[in-house]
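Engineer: What follows is a protein structure lacking sequence information:
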């Protein structure tokens, strides 16, 4: 155990501990704490889908519950384990009257969070995603288990502390037949596994094998309950197949007594936020899964920049009428309320500062919001590039200045959620549903 690792554990020993962030980073931290006999009281998370629920066997509280928890547990220590929203959470904690020495930013000890995109393609062509945007030629393929093993070994060797790895970025990981072994390999290193899927997957045997390895987190992305809405934005998928796989997940979780957090990430458009959303809420409640909503964005970063600079792609023009919040409205809503214009340096960008993405072909992009190759690749081969070389490549990336100037880090984070909701509420909506 290295010095930083030991220092973190020492700060958490013999004090009541809360973890702010109930998704993959927080779940990885829980795994670490339990390994070392550190009791965790529970989670704090601002997503209303998690409020009052139990995650990994622990209660999850909304931020408004912090003053009462502090009064109940003197000496309370909070670990902020939300890799891209630390600054925002820090401001909230100070606003609740917590002194700076009463909370810890987990990134100070686990300074890099890794994503390994084990699959270089997707079975869907969603209009808001890079795979459905068209116009970009990209290499398609999958990472072999042997290459993956070398990637994980290098990550572990180069870092003082690694508690979770995400096995997805732009690709669909459940298309990789080695995914069960990949989850198992992380667990053998004491690392939590985070997965994401459209779940429009016909390979029931692979889904079964993956779940038998008890991944800590599985995000399911969808955009409707009825085919009329779902097919409009999750092109190429089958919502009936998705719903049947959700039932299978519940069966596997019960049969094997799994701890997997299933987070149904519902993309909001102007044609799916009525009956579709309500029916999906009811299904998730019945199955004991979480349903979190997010306003659909234009992605990837290159596509947004093209749009803002007057070069919108045909797919962007087709997508815009379906959005509840346009790109320009989202940028304005995400901007800090006390500023007239976005003011951030690339060094402050959470996507750049503590995230390292490894594509299936071992190339390393600037960050998770970019998709195109060429100048957006800062290292051709992760296995032969040092951390310093990757960091230097990021620091020299020209697109970062443009991204920050346009206010896109905050846009991609969806900051100031209440302002997004106000914009969406002002827009006309309808529901693509039977007899709607």
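Structural biologist: Happy to help now that I have it. For clarity, every value in this text was computed on a predicted model and none was experimentally measured.

Engineer: so who does residue 232 touch?
Structural biologist: For residue 232, the contact set (Cβ atoms under 8 Å, 6 or more residues apart in numbering) comprises 223, 224, 269, 271, 272, 322, 432. Backbone N, C-alpha and C define where each C-beta goes, glycine included.

Engineer: how far is the helix or strand where it lies from where the chain is centred?
Structural biologist: Secondary structure assigned from DSSP states H and E places residue 232 in helix 227-233. Between the centre of helix 227-233 and the centre of its host chain there is 23 Å, according to Cα atoms, centre = their mean, to the nearest Å.

Engineer: Kindly report the same for stretch 133-149.
Structural biologist: Relative to the chain's own centre, stretch 133-149 is displaced by 20 Å; criterion: Cα atoms, centre = their mean.

Engineer: what's the pLDDT at residue 337?
Structural biologist: At residue 337 the predicted local distance difference test score is 65.

Engineer: same question, residue 120
Structural biologist: Confidence score, pLDDT, at residue 120: 93.

Engineer: Tell me how far it lies from residue 18.
Structural biologist: Between residue 120 and residue 18 the distance is 38 Å, computed by Cβ to Cβ, to the nearest Å.

Engineer: more crowded one of these two?
Structural biologist: Per other Cβ atoms under 10 Å, whichever of residue 120 and residue 18 has more neighbours is residue 18, with 23 against 20.

Engineer: Doesn't that one belong to a helix?
Structural biologist: No: under DSSP: H, G, I helix; E, B strand; the rest coil, residue 18 sits outside any helix and is assigned strand.

Engineer: mind listing what it touches?
Structural biologist: Contacts of residue 18 (Cβ under 8 Å, 6+ apart): 40, 41, 42, 43, 44, 61, 69, 76, 77, 78, 79.

Engineer: Please list the members of those residues that lie in helices.
Structural biologist: Per DSSP state H, helices hold the following members of these: residue 69.

Engineer: Highest neighbour count among the contacts of residue 18?
Structural biologist: The most crowded member of the contacts of residue 18, judged by other Cβ under 10 Å, is residue 44 (29 neighbours).

Engineer: With adjacent residues omitted, what lies nearest to that one?
Structural biologist: residue 20 (4.3 Å; Cβ to Cβ, 6 or more residues apart in numbering).

Engineer: What residues are bridge-paired with the one you found?
Structural biologist: residue 44, residue 80 (DSSP bridges).

Engineer: What is the neighbour count of it?
Structural biologist: Neighbour count for residue 20, taken as other Cβ under 10 Å: 28.

Engineer: can you pull the pLDDT of it?
Structural biologist: Model confidence at residue 20 (pLDDT) stands at 94.

Engineer: residues in contact with it?
Structural biologist: By Cβ under 8 Å, 6+ apart, residue 20 lies in contact with 26, 43, 44, 45, 78, 79, 80, 81, 82, 89, 93, 103.

Engineer: Return the member of those residues nearest to residue 244.
Structural biologist: Residue 244 lies nearest to residue 45 out of the contacts of residue 20, by Cβ to Cβ, at 28.9 Å.

Engineer: quick one: contacts for the residue nearest to the closest one when sequence neighbours are not counted?
Structural biologist: Sequence neighbours aside, residue 22 is the residue nearest to residue 45 in space, at 4.1 Å (criterion: Cβ to Cβ, 6+ apart). Contact analysis of residue 22 by Cβ under 8 Å, 6+ apart lists 43, 44, 45, 47, 50, 55, 60, 261.

Engineer: tally of neighbours for the residue lying closest to residue 369 once chain neighbours are set aside?
Structural biologist: Of all residues not flanking residue 369 in the chain, residue 301 sits nearest, at 4.2 Å (Cβ to Cβ, 6+ apart). Other residues near residue 301 come to 28 when the count uses other Cβ under 10 Å.

Engineer: Name the residues that touch the lowest-mean-pLDDT helix or strand in the chain?
Structural biologist: Ranked by mean pLDDT, DSSP states H and E, the weakest helix or strand in the chain is helix 350-353, scoring a mean of 79. Taking Cβ under 8 Å, 6+ apart as the criterion, the residues outside helix 350-353 that touch it are 83-87, 346-347, 366-369, 394, 400, 409, 412-413.

Engineer: so how far is the top strand by length along the chain from its chain's centroid?
Structural biologist: Longest strand of the chain, by residue count under DSSP state E: strand 261-268. Per Cα atoms, centre = their mean, the displacement of strand 261-268 from the mean C-alpha position of its chain is 10 Å.

Engineer: now the helix or strand following it and strand 261-268, what's the angle there?
Structural biologist: Scanning forward in sequence from strand 261-268 by DSSP H and E, the next helix or strand is helix 275-287. Put simply, helix 275-287 runs at 170 degrees to strand 261-268, going by axes from the mean of the first three to the mean of the last three Cα atoms, to 10 degrees.

Engineer: I'd like the average pLDDT over helix 275-287.
Structural biologist: 97.

Engineer: Which of the residues in it are classified as buried?
Structural biologist: Across helix 275-287, burial judged by 16 or more other Cβ atoms under 10 Å covers 275, 276, 277, 280, 281, 283, 284, 287.

Engineer: The stretch 151-300 of the chain: strands as residue ranges?
Structural biologist: Under the criterion DSSP state E, counting those that start in this stretch, the stretch 151-300 of the chain contains strands at 164-166, 192-197, 217-222, 261-268, 290-295.

Engineer: Next, format those as TSV and append mean neighbour count and mean pLDDT.
Structural biologist: TSV is the format used below for those (neighbours: other Cβ atoms under 10 Å; pLDDT from 0 to 100):
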stretch	mean neighbour count	mean pLDDT
strand 164-166	25	95
strand 192-197	24	96
strand 217-222	24	97
strand 261-268	21	96
strand 290-295	19	95
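
Engineer: Rebuild the ones you listed as a markdown table, extending it with distance to residue 379.
Structural biologist: Formatted as a markdown table, the strands of the stretch 151-300 of the chain follow (distance: least, Cβ to Cβ, whole Å):
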| stretch | distance to residue 379 |
| --- | --- |
| strand 164-166 | 18 |
| strand 192-197 | 22 |
| strand 217-222 | 27 |
| strand 261-268 | 29 |
| strand 290-295 | 30 |
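
Engineer: now the end-to-end length of stretch 217-235.
Structural biologist: Start-to-end span of stretch 217-235 (Cα to Cα, to the nearest Å) is 25 Å.
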